[in-house]
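Trainee: Sharing a model that was predicted from the sequence below.
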Amino acid sequence: MAFLTNFYVFLFYFAALVLVTGLVFKIAQYTMTPAPLKIPTTPAPTTTRGVVLRMTREVVLFESLFRGNKWTWIFGWMFHFGLLLVTLRHLRYFMEPVWFPIQLVQPFGIYGGMAMIVGLGGLWARRFLVDRVRYISSPSDHLILALLVLIGCTGLLMKFVFHTDVVEIKAFFLGLYTYEIQPLPADPLLLLHLFLVALLMIVFPYSKLLHAPGLFFSPTRNQADNPREVRHIAPWAKQLEQK
Amino acid sequence: MAKATFVVPELTQYTEVPAVTPGAMAHSLPFVAKPEFQGALGFPGELVDDWQAKAIDKMGDLLGKYRSLRVYMDACVKCGACTDKCHYFLGTGDPKNMPVGRQDLMRKVYRRYFTLAGRFFPTLVGAEDFTKEVLDDWYSYFHQCSQCRRCSVFCPYGIDTAEISMAAREIMDSIGVGQKYCNEIIAKVYKIGNNLGLPGPALVDTLEGLEEDVFDDTGVKVRFPIDEEGAEILLVTPSADFFAEPHVDGLIGYAKVFHEAGVSWTMSSHASEAANFGMFIGSYENMRRVSQRIREAAIKLKVKRIVFGECGHAWRVAYSFLNTLAGPWDFLDPRYPVPQHICEFTHDLIQRGKLTFDKSENVDKVLTYHDSCNVARASRMGDVPGGQFDIPRDIIRAVCNHFYDMDEDTIRDRTFCCGGGGGLLTDDLMELRVKGAKPRLDALNNVMQEKGVTHMAAICAICKTQFSKVLPYYGMEMDQIISLHQLVGDAIVLTPGPDDDAEDDDRDDADDPNEE
Ligand code: HEM
Ligand code: SF4
Ligand code: SF4
């Protein structure tokens, strides 16, 4: 038992480290790479305020995807919104006392979990049913879906079928903040669920999950359309002018 | 009527999404640039020995210089939203013409050499070594992208395949694999001043001819000035405008508008080209070098404003990049945007009631309008987003009685490329051009059947040339494509100048040259 607990302690420290350093590295890399030319997909907002609005619509509503493909949008949005609710619901394991908004979201988190599974199911089905999407799918695209579906299913199973001791789990995670190791319940389903979550955290910065930070750095979406008014020039391009 | 060595697709009421047909266009290759032209652009003449290492180095270099490339290589989730958006996929069914399929040609190399996952688990994430076969695929399929950016409209992260095609072409150029059409044209601009290689004296001749033609037609002396120092406006226009049909009718239109505006203007033999093929090959340096000619001409001719003629990608470079590449423009009149589009100029005069039109001159035509990709999705006109859609349409409505838009899904920012953009307007890619035009022509055919549309106006030299060439393959007439400013020029009522009265005597018969 002590071994299992210790293993998960190590696993979560490691996963958190990989996730944070990996993301910090990637975000730093995106920030430091210049965009030498103005390339917003037009019509584009002409002000920073407008850009913030456009980006918000992309992040919250998946506006471009909505115009692009309704099925993918429905399933994709269900999955992500579900994931968001589930994540918010899970925050109760990481804080004491639990914030009021997080308390409020608890029941919705359950529906979120279901929406997430349905959404993932639809997205996965497209990878088999639509010849174009089948063509562009590589094994990793299926594996990441499998990973998320498994996380969702093990989670829902614990909620509805094989209950586990949530008080102990919470103690385990709160203990991680101060390196006071608390025992983890030895339920196989829980251990699998947590293992997969750690795996997700580890692959995040090395996979297509980089779409989440990537979107905010996409020049076609985050630039204001004002090239005639403001001269835009990258440092490396400026050097050409000295020659 | 053009004869095809391939099967020309049948037009359909709605453009259907074809079944995936791997390899359908694998045989499509443009001619390779000759060593001398490669050299003129600063590229090696032919494939260098250690090309693989050099190409990967270059990719690393570009990943550090272009955030677009960096983010787009990582961000794609293979959602498939872009897969049915490219006209080349819709026209050919080749999956490597799906935007994401095209991107993946580069992404698999990127993953192999620049990501942990691709280094350790290549098959899992679809990473591949940069082999000669992969390079051949690059050459084929990165020259099947017209850089129209339609895919970027629908991608949830705005992934723009044009950025990736440009980078791929830059990498290929850097190892000595260049495309003949683009690179020879750029070399011609450096040597002579324009894409068509028209030297200054030939231009002067052509313009004098145009002056005479317009005078014979209208009895009004409309000027076509070139290299006139101290003029207020420098007009930079694609060189096709100097003589090719239907382009030249557009140039006549601009001249008449300037005449009515009463401003002094000039063209330049040094910057006698609006086009900038440096963009197509993704070369910042070459794009900058071509742009600098405009700055030099503006300084030399002491103009106050710069106006661009009808050309799609040229307007992208002008509107979005010129300030970056050749600015700052602080020596020009700050009351006007730099540069301006001829449509902005004409539209402004119409708004202020400065132009008079006789719409009956265009009564034989029922019009539709083709939004050129680079104008629609990569630039703007006027003060508000979307002006690039409304301003040209407003102008058409002001000079014609009958105007109908094509299907909503195929216009404005969802417009379909003509099939010849992005440096593909060359006869060695004819099959691609014809097949890629299908989605646009499906929509055109619909309004021809349903609304009796007879002509399609455009504001892009490449679109005009491409349509005149491909319309006949589909049983349409090559002259159904016209310049927007031809419509303006035909309808505009000219005010005679002081010198016109002196020559008044030959005016009556000049009015209608056909009536003799
Ligand atoms: C800023 C936050 C995020 C935004 C705006 C966003 C947006 C999107 C969009 C628009 C898609 C394409 C549609 C679809 O296939 O669902 C997508 C796909 C995907 N997202 Fe996200 N996402 C975000 C965060 C996340 C996170 C945190 C995860 C996982 C932990 C995730 C996992 C996925 C997966 C696995 C796919 C691919 C689904 C498939 O295979 O079709 N996303 N995301
Ligand atoms: S930019 Fe245009 S031509 Fe290129 S892949 Fe995208 S849709 Fe196709
Ligand atoms: S729409 Fe964007 S994210 Fe989706 S497959 Fe195409 S390029 Fe990738």
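Mentor: Structure's in. What do you need? Ligands and ions are numbered 1, 2, ... in the order given.

Trainee: residues from chain B in reach of ligand 2?
Mentor: Taking C-beta under 6 Å from any ligand atom as the measure of proximity, chain B contacts ligand 2 at B:85-86, B:88, B:99, B:102, B:145-151, B:161-162, B:417. Every C-beta, even on glycine, is put in place using the N, C-alpha and C of the backbone.

Trainee: switch the cut-off to 8 Å
Mentor: By C-beta under 8 Å from any ligand atom, the part of chain B that sits against ligand 2 consists of B:82, B:85-89, B:97-99, B:102-103, B:144-152, B:160-162, B:165, B:373, B:417, B:421-422, B:436.

Trainee: Ramachandran angles for B:F142?
Mentor: As for B:F142, its main-chain torsions (degrees, to the nearest 10) stand at phi -80, psi -10.

Trainee: In what element of secondary structure is whichever residue of the stretch 401-516 of chain B sits closest to ligand 2 found?
Mentor: Proximity of the stretch 401-516 of chain B to ligand 2 (C-beta to the nearest ligand atom) peaks at B:C417, 5.9 Å away. For B:C417, there is no enclosing helix or strand under DSSP states H and E.

Trainee: which SS class is the nearest residue to it once chain neighbours are set aside?
Mentor: Once flanking residues are discounted, B:C417 sits nearest to B:C148: 3.8 Å by C-beta to C-beta, 6 or more residues apart in numbering or on different chains. Secondary structure assignment for B:C148 (DSSP: H, G, I helix; E, B strand; the rest coil): coil.

Trainee: B:C148: how many residues sit nearby?
Mentor: Neighbourhood size, B:C148 [other C-beta atoms under 10 Å in any protein chain shown]: 30.

Trainee: residues contacting it?
Mentor: Residues near B:C148 by C-beta atoms under 8 Å, 6 or more residues apart in numbering or on different chains: B:H87, B:A162, B:C373, B:N374, B:R377, B:C417, B:G421, B:G422.

Trainee: The fourth one and B:G312 touch, don't they?
Mentor: Yes: here B:N374 lies in contact with B:G312, judged by C-beta atoms under 8 Å, at a distance of 4.0 Å.

Trainee: tell me, what's touching the two both at once?
Mentor: Common neighbours of B:N374 and B:G312, using C-beta under 8 Å, 6+ apart, are B:G421, B:C460.

Trainee: Spatially nearest residue to B:L349 (excluding sequence neighbours)?
Mentor: For B:L349, ignoring the flanking residues on the chain, the nearest one in space by C-beta to C-beta, 6+ apart is B:L355 at 5.0 Å.

Trainee: Where does the prediction get shaky in chain B?
Mentor: Chain B contains residues with pLDDT under 70 at B:1-4, B:499-516.

Trainee: now do chain A
Mentor: Filtered on pLDDT under 70, chain A yields the residue ranges A:1, A:243.

Trainee: Nearest the geometric middle of it, what residue?
Mentor: The C-alpha lying nearest the average C-alpha coordinate of chain A belongs to A:A212 (C-alpha atoms, centre = their mean; 6.0 Å).

Trainee: Is that one in a helix, a strand, or coil?
Mentor: Secondary structure, three-state DSSP: A:A212 is helix.

Trainee: Relative to A:K26, how far out is it?
Mentor: For A:A212, the distance to A:K26 equals 10 Å [C-beta to C-beta, to the nearest Å].

Trainee: Might you report the residue contacts of B:G200?
Mentor: B:G200 neighbours (C-beta under 8 Å, 6+ apart): B:G193, B:D227, B:S269, B:S272.

Trainee: how near is it to B:I226?
Mentor: B:G200 is 8 Å from B:I226, by C-beta to C-beta.

Trainee: try B:L301
Mentor: When B:L301 is compared with B:I226 (using C-beta to C-beta), they lie 10 Å apart.

Trainee: Got the phi and psi for the residue of the stretch 401-516 of chain B closest to ligand 2?
Mentor: Dihedral angles for B:C417 - degrees, to the nearest 10 - are phi -60, psi 150.

Trainee: before we move on, back to that, just the ones of the contacts of B:C148 in strands?
Mentor: Nothing among the contacts of B:C148 maps onto strands, per DSSP state E.

Trainee: need the residues you listed in a markdown table with neighbour count and distance to A:L191, can you?
Mentor: Formatted as a markdown table, these follow (neighbours: other C-beta atoms under 10 Å in any protein chain shown; distance: C-beta to C-beta, whole Å):
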| residue | neighbour count | distance to A:L191 |
| --- | --- | --- |
| B:H87 | 26 | 52 |
| B:A162 | 28 | 48 |
| B:C373 | 28 | 54 |
| B:N374 | 31 | 56 |
| B:R377 | 29 | 51 |
| B:C417 | 31 | 54 |
| B:G421 | 27 | 56 |
| B:G422 | 27 | 54 |
